[in-house]
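Student: here is my input; please provide its structure:
(2 chains)
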Amino acid sequence: TQLLEQSPQFLSIQEGENLTVYCNSSSVFSSLQWYRQEPGEGPVLLVTVVTGGEVKKLKRLTFQFGDARKDSSLHITAAQPGDTGLYLCAGEKVRDNDMRFGAGTRLTVKP
Amino acid sequence: GAGVSQSPRYKVAKRGQDVALRCDPISGHVSLFWYQQALGQGPEFLTYFQNEAQLDKSGLPSDRFFAERPEGSVSTLKIQRTQQEDSAVYLCASSLRGLYYGYTFGSGTRLTVV
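Tutor: Residues are numbered from 1 along each chain as shown, chains lettered A, B, ... in the order given. Next up, the predicted model:
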């Protein structure tokens, strides 16, 4: 059983559409990160959220950390083909210092 | 170096062979992680070091897997008597201290056991 459940597992959309992917857990996290991974490469950090209810924006990407620090979402506005990739969330549990990943959402944006 | 360096980039091993995978973290980074990533899946935690101390090895799949970081910098992940199910990408990540500072990943070592 994954500590972090990501949904949907796969998402294929047309360029210009909006989308939201989710990362959920029954555990509380001291912080949570979102990564994007392309084939043959390691994950690249997009954002770290720390405070419950926190919202961070990175150009067309909006990240939200749930009030209870158990879940997070990533919203992409006007998706572009360059957004294609595997989106991973990773959480650090309270009092732990290690990081666990969800299984990821594989996003394909068609031109 | 500027990033996390992993070697070799690709490794093909015959079943039963021992392999050693190397990770050169960013200089000065205290925390170092090893992850195993199967095709189409997210990374699965293997083990975690803070300096030379291995604080968590709960993710190592069996006693055939062993990791070390003797001087608190370079780390080696060793797999003895490799099996086909060990085929995966092995990722290394380092951080200045903890999650708040962000983790930098290497490009991984793709291990194929034949």
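Student: check the secondary structure at the residue in chain A that chain B sits nearest to for me.
Tutor: Residue of chain A nearest chain B, by CB to the nearest CB: A:G42 (3.1 Å). All C-beta spots, glycine's among them, are computed from the backbone N, C-alpha and C. With DSSP: H, G, I helix; E, B strand; the rest coil as the basis, A:G42 sits in coil.
Student: closest residue of chain B to chain A?
Tutor: Closest residue of chain B to chain A, CB to the nearest CB: B:F105 (3.1 Å).
Student: excluding its backbone neighbours, what's nearest that residue?
Tutor: Nearest non-adjacent residue to B:F105, counting by CB to CB, 6 or more residues apart in numbering or on different chains: A:G42, 3.1 Å away.
Student: the one you found and A:A79, how far apart?
Tutor: 23 Å (CB to CB, to the nearest Å).
Student: please list the residues of chain A that sit near chain B.
Tutor: Residues of chain A lying near chain B by CB under 8 Å from any CB of the partner chain: A:2, A:6, A:30-31, A:33, A:35, A:40-45, A:48, A:50, A:86, A:88, A:92, A:97-104, A:106.
Student: show me the shaky parts of chain A.
Tutor: A:1-2, A:94-97 (pLDDT under 70).
Student: strands along that one, start to end?
Tutor: Secondary structure of chain A (DSSP state E): strands at A:5-7, A:10-14, A:19-24, A:29-37, A:44-49, A:55-58, A:61-65, A:71-76, A:85-93, A:99-101, A:105-110.
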